[in-house]
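**Q** structure, please.
(one chain, ligands or ions: 1)
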Amino acid sequence: MIREKEQFLFKMTKKGGINVPNLEELWQYLESYFQQHLSAVSYSTWIETAKPLKLANHQLTIEVPSSLHKDYWEKVLATKVVEGAYAFANIEITPVFVSKEEEDAQEKADSDALAAPEVDQEANIPTFMRETRLNSKYTFETFVTGKGNQMAHAAALVVSEEPGVLYNPLFLYGGVGLGKTHLMQAIGHQLLKTHPGSKVKYVTSEAFANDFINSIQNKEQEKFRQEYRNVDLLLVDDIQFFADKEGTQEEFFHTFNDLYNNKKQIVLTSDRLPNEIPKLQERLVSRFKWGLSVDITPPDLETRIAILRNKANAEHLNIPDDTLSYIAGQIDSNVRELEGALVRVQAYARTKEEPITTSLAADALKSLNAEEKPKDLTITDIQSAVAKYYQVSVADLKGKKRVKNIVWPRQIAMYLSREMTDNSLPRIGQEFGGKDHTTVIHAHEKVAAELKSDEQLKEQIAELKNKLKP
Ligand SMILES: Nc1ncnc2c1ncn2[C@@H]1O[C@H](COP(=O)(O)OP(=O)(O)OP(=O)(O)O)[C@@H](O)[C@H]1O
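**A** Next comes the predicted model:
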């Protein structure tokens, strides 16, 4: 105690009684204070991204990357700045935060609803309750931040540290494969780390719907409610699949209210904003807007390179920087595909027994494109292969039967038609007995979502793709 006081007096004497420190000194002091008091991930999220601009008239101006950062600084860190300045130099200052992106973000949040597309009525309903587990790889530590996801990352971190308080619900939205599931699960991991006894439930919206329907069929509604309402953090992925599921929406409405009223945190993801999800009940749309909606946009080149480097390091791969840049330059809108490209290059190098270089990467990715879309492959070829594989008839794939063992192969055939041929969505719909293009979109989204967690399906699709290769 005495020692601390001595140090403090020394500091003041050193300043010769002048109580106004310069900007750098004060900031250094604050940085070291935060370094000691915040976790490493919080420090890099809030402090390393902040820039002190000026100190004048007892006002410290700090630039932060987004309105969300500004909000967090104002609500949580500002008092520490005031206390810190007082402790450091005995001055009273008011911190002022400025965010460049604030106006843009506001505009985005207020953006008008786009015309909502129709969605297919078909729904494949597996009859089992799913286990929901977090993927151990989806943590904050493995998540690379960049311009497109900085705000979403910061929001996710706030929620993991202060669940149910600041942003409830947190709604993360954005294009395919941009890290929404990763961030959402990182919240779960982080909460379990800081509050080991917490109950975290991760579920896709489809699994929620299936669990609900099963609970009705098995007369286990009470059990269902216990499972979903007795949690501290509920993570529901790909909420856009609630479209058209009236009963499920109704149940989710009550689940939401229950959790919200008990100050339990809810995190949702979707490929679009709540008001852009077709047939989502207005009362859900408005509730989803109570908290914070943040979008994730495709990563810039620098971030893509950083993601690849992280992944290469994690797998102990020795890949030159220019090769990583080359791969990152080839795939610009989907991190899942970016990672897939790296795996592909790695496998290609192994087969060729050569080190990974830029020219090898170029060869590997060229052959990937050729394989993904074999020339002359027709929808009819895909239908025959899928029908044979799942032991159904081609007529059934083109027909209207809604039984599960036909609907699922039909959706897989549509998925493959979209992935492996250049046919347009309406054309694919036409080839499946004149179905609407939205049916094809729905089928594609559904299979893609399943592929994320279903290892067996991954193998089946790979096998089918191999069979379809020329
Ligand atoms: N910023 C990032 N840093 C590290 N890995 C990332 C990042 N963004 C995405 N990924 C990785 O990319 C893959 C796809 O991410 P994820 O499944 O979270 O995307 P998504 O947005 O949920 O996709 P979908 O729209 O298909 O639901 C995952 O393996 C994830 O770990």
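
**Q** against residue 46, how distant is the closest residue to the ligand within the stretch 1-150 of the chain?
**A** The stretch 1-150 of the chain approaches the ligand most closely through residue 144 (3.7 Å), counting by C-beta to the nearest ligand atom. No exception for glycine: its C-beta is placed from N, CA and C like everyone else's. In this view, residue 144 and residue 46 are 17 Å apart by C-beta to C-beta, to the nearest Å.

**Q** ditto for residue 69
**A** Computed as C-beta to C-beta, the residue 69 to residue 46 distance reads 7 Å.

**Q** these two: which has the busier surroundings?
**A** Using other C-beta atoms under 10 Å as the criterion, residue 69 and residue 46 rank with residue 69 on top: 26 against 21.

**Q** before we move on, back to that, what about the residue of the stretch 1-150 of the chain closest to the ligand, which helix or strand?
**A** Applying DSSP states H and E as the criterion places residue 144 outside every helix and strand.

**Q** quick one, phi psi at it?
**A** When read as degrees, to the nearest 10, the backbone of residue 144 gives phi -90, psi 130.

**Q** who's in contact with it?
**A** Contact analysis of residue 144 by C-beta atoms under 8 Å, 6 or more residues apart in numbering lists 299, 303, 306, 307, 310.

**Q** so which residues on the stretch 301-450 of the chain come close to the ligand?
**A** When proximity is defined as C-beta under 6 Å from any ligand atom, the stretch 301-450 of the chain approaches the ligand at 307, 335, 336, 339, 448.

**Q** out of those, who has the most neighbours?
**A** residue 335 (25 neighbours).

**Q** just give the closest residue to that one, not the sequence neighbours.
**A** Take residue 335 and drop its neighbours on the chain: the residue closest to it by C-beta to C-beta, 6 or more residues apart in numbering is residue 177, 5.3 Å away.

**Q** for the residue positioned nearest the centre of the chain, give me its contacts.
**A** Nearest to the geometric centre of the chain sits residue 180, at 0.8 Å (C-alpha atoms, centre = their mean). Taking C-beta under 8 Å, 6+ apart, we find residue 180 in contact with 152, 172, 173, 174, 237, 269, 296.

**Q** tell me how far it lies from residue 287.
**A** To residue 287, residue 180 is 19 Å away according to C-beta to C-beta.

**Q** also residue 346?
**A** When distance is defined by C-beta to C-beta, residue 346 is 44 Å away from residue 287.

**Q** can you check residue 41 too?
**A** Using C-beta to C-beta, residue 41 is found at 29 Å from residue 287.

**Q** same check on residue 36?
**A** For residue 36 relative to residue 287 (C-beta to C-beta), the value is 39 Å.

**Q** need the strands for this protein, in chain order.
**A** Applying DSSP state E to the chain gives strands spanning 51-56, 59-64, 94-99, 170-174, 200-204, 233-237, 265-270, 292-296.

**Q** run the angle between the last one and strand 265-270 for me.
**A** The directions of strand 292-296 and strand 265-270 differ by 40 degrees, with axes from the mean of the first three to the mean of the last three C-alpha atoms, to 10 degrees as the criterion.

**Q** measure the residue of the chain found nearest the ligand to residue 410 for me?
**A** The ligand sits closest to residue 179 of the chain, with a gap of 2.7 Å, by C-beta to the nearest ligand atom. Distance, residue 179 to residue 410, by C-beta to C-beta: 30 Å.

**Q** who's more crowded, these two?
**A** Legend: neighbour count by other C-beta under 10 Å for residue 179 and residue 410, higher for residue 410 (28 against 25).

**Q** the more buried one touches residue 431, doesn't it?
**A** No: between residue 410 and residue 431 there is no contact, the gap being 11.5 Å when judged by C-beta atoms under 8 Å.

**Q** so what's the residue count around residue 71?
**A** Residue 71 has 20 nearby residues by other C-beta under 10 Å.

**Q** and if you look at residue 249?
**A** The number of residues near residue 249, taken as other C-beta under 10 Å, comes to 19.

**Q** domains of this protein?
**A** Listed domain ranges for the chain are 20-99, 140-295, 301-368, 379-468 (source: the TED database).

**Q** ok, residue 414 - contacts?
**A** 428, 432, 439, 440, 443, 444, 447.

**Q** residues from the stretch 151-300 of the chain in reach of the ligand?
**A** With C-beta under 6 Å from any ligand atom as the criterion, the stretch 151-300 of the chain meets the ligand at residues 176, 177, 178, 179, 180, 181, 182, 238, 271.

**Q** who's in contact with the first one?
**A** Yep, that's residue 176 we're talking about. Contacts of residue 176 (C-beta under 8 Å, 6+ apart): 271, 334, 336, 448.

**Q** let's go with 7 Å and repeat that
**A** 271, 334 (C-beta atoms under 7 Å, 6 or more residues apart in numbering).

**Q** for the protein, which element, helix or strand, carries the lowest mean pLDDT?
**A** Every helix and strand of the chain was ranked by mean pLDDT, DSSP states H and E. The lowest is helix 2-14, at a mean of 38.
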